[in-house]
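Visitor: return a 3D structure for these sequence lines:
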Amino acid sequence: MDRLESLTVFVTAVDAGSLSAAARRLGLSASMAGKHVSRLEADLQVRLLQRNTRRLSLTEVGQAYYRRARRILEDVDEADREARDAQQAVRGVLRAMHLGAVVACYLEKFPDVTVETLLDDRYIDLLAENVDVAIRIGRLLDSDLVARKLAPCRMVFSASPAFLERHGHPSTPEALRRMPRLAFSGAVSPGDWTVHDGDGRPVTIDGPLRLTANNTQMLLAAALAGAGVAYGPSFVFGEAIAAGRLIALLADHRTSTFDIHALFPTARHLSAKVRHFIDLLSTSFGAQPAWHRAPAD
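Guide: Residues are numbered from 1 along each chain as shown. Now for the predicted structure:
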């Protein structure tokens with residue numbers, strides 16, 4: 001028999017004044033209600049109730065056990081309510097990756113939520129590291145995670161105006177190959193940048209690298225400081241390009257395009273805090289996000 005159900009029968013019987021009344025409230029037969037209480041007494045090896053055909057009363061041990069059992073059931077009910085409310089109310093700690101502007105909007109919209117962000121370009125195990133949502137760019141690995149497409153993204157070449165004044169403006173892949181290059185070390189081939197020319201032919205830009213980093217924000221900072229030509233996602237470099245702080249290069253060559261996804265462990269019983277955050281991401285980015293504009297716009 002289920003111990004929690006037995007406690008419920010016992011407490012209800014005391015509250016209702018008889019086992020038969022408890023059975024009616026709980027939708028059980030009178031004999032089944034009696035079995036639940038008898039099992040409790042057998043497990044505890046004590047008598048909890050003095051009962052006859054007309055009434056029941058608590059023994060001294062039963063009185064103490066009743067008070068504890070009632071508190072246990074009340075705590076369980078409260079835990080159940082909190083769990084149900086957590087699915088509807090937007091509160092609690094939300095763990096996310098990237099995107100300060102969207103997070104700021106989310107915090108303003110839902111003041112009862114606190115957000116913990118993990119700024120990391122490595123792949124992580126969401127369940128093992130207790131992460132609610134990960135934002136990933138590029139090809140997704142096969143996994144049990146649920147993915148929701150948020151927006152497109154393209155790879156871009158860019159350098160600061162000051163850097164281009166010193167080194168010249170490269171108009172061909174060959175010219176760019178001779179310049180200091182800044183690369184993401186987490187790529188499959190960090191130093192081999194493949195693009196397609198106007199006729200669709202692939203062209204590989206390779207050679208020595210001036211700087212590698214395992215974080216794209218580091219590459220952005222280095223590019224803005226004039227360290228070299230960076231190759232990275234428009235999601236990271238697009239805002240600086242649109243503002244003129246970086247200049248997009250080789251605009252007549254086609255680079256790789258990727259999708260940005262929100263990944264989360266399960267779609268079943270998705271909490272309100274996660275669901276609202278993902279919806280806000282999708283609304284904020286859209287099919288044509290600001291970073292996806294052509295560099296010449």
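
Visitor: quick one, what contacts His167?
Guide: Neighbouring residues of His167 by CB atoms under 8 Å, 6 or more residues apart in numbering: 159, 179-180. All C-beta spots, glycine's among them, are computed from the backbone N, C-alpha and C.

Visitor: no wait, Thr266
Guide: Thr266 sits next to Val146 when contact means CB under 8 Å, 6+ apart.

Visitor: gap between Val37 and Ser189?
Guide: To Ser189, Val37 is 71 Å away according to CB to CB, to the nearest Å.

Visitor: ugh, wrong one, Glu74
Guide: To Ser189, Glu74 is 61 Å away according to CB to CB.

Visitor: now swap in His167 and tell me
Guide: Going from His167 to Ser189 by CB to CB gives 24 Å.

Visitor: make sure Asp192 is actually in contact with Thr204.
Guide: Yes. Taking contacts as CB atoms under 8 Å, Asp192 lies within contact range of Thr204: 5.6 Å.

Visitor: mind listing what's buried along stretch 70-80?
Guide: Under the neighbour-count criterion of 16 or more other CB atoms under 10 Å, stretch 70-80 has Leu73 buried.

Visitor: next one: it to chain centre, how far?
Guide: Distance of stretch 70-80 from the chain centroid (CA atoms, centre = their mean, to the nearest Å) equals 30 Å.

Visitor: so where is the protein shaky, pLDDT-wise?
Guide: Scanning the chain for pLDDT under 70 picks out 1, 52-54, 81-91, 94-98, 121, 142, 267-269, 292-297.

Visitor: parallel or antiparallel, list what pairs with the strand or helix carrying Arg154.
Guide: Using DSSP states H and E, Arg154 sits within strand 146-159. When pairing is defined by DSSP bridges, strand 146-159 lines up against strand 229-233 (antiparallel), strand 247-249 (antiparallel), strand 257-264 (antiparallel).

Visitor: which of those sits closest to Pro208?
Guide: Closest to Pro208 of these is strand 229-233 (CB to CB; 12.6 Å).

Visitor: show residues contacting that closest one.
Guide: 137, 153-159, 163, 170, 176, 179-184, 193, 216, 219-220, 222-223, 237, 246, 249, 258.

Visitor: next: stretch 116-136.
Guide: With CB under 8 Å, 6+ apart as the contact definition, stretch 116-136 has outside contacts at 93-100, 103, 141, 145, 150, 184, 186, 214-217, 260-265, 271, 273-274, 277-278, 281.

Visitor: just the ones of the residues you listed in helices?
Guide: Taking DSSP state H as the definition of helices, those contribute 100, 103, 216-217, 273-274, 277-278, 281.

Visitor: out of those, which end up buried?
Guide: The neighbour-count test (16+ other CB under 10 Å) marks 103, 216, 273-274, 277-278, 281 as buried among those.

Visitor: can I get these in CSV with distance to Gly200?
Guide: Compiled in CSV, these are given as follows (distance: CB to CB, whole Å):
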residue, distance to Gly200
Val103, 40
Thr216, 28
Lys273, 46
Val274, 41
Phe277, 40
Ile278, 36
Leu281, 33
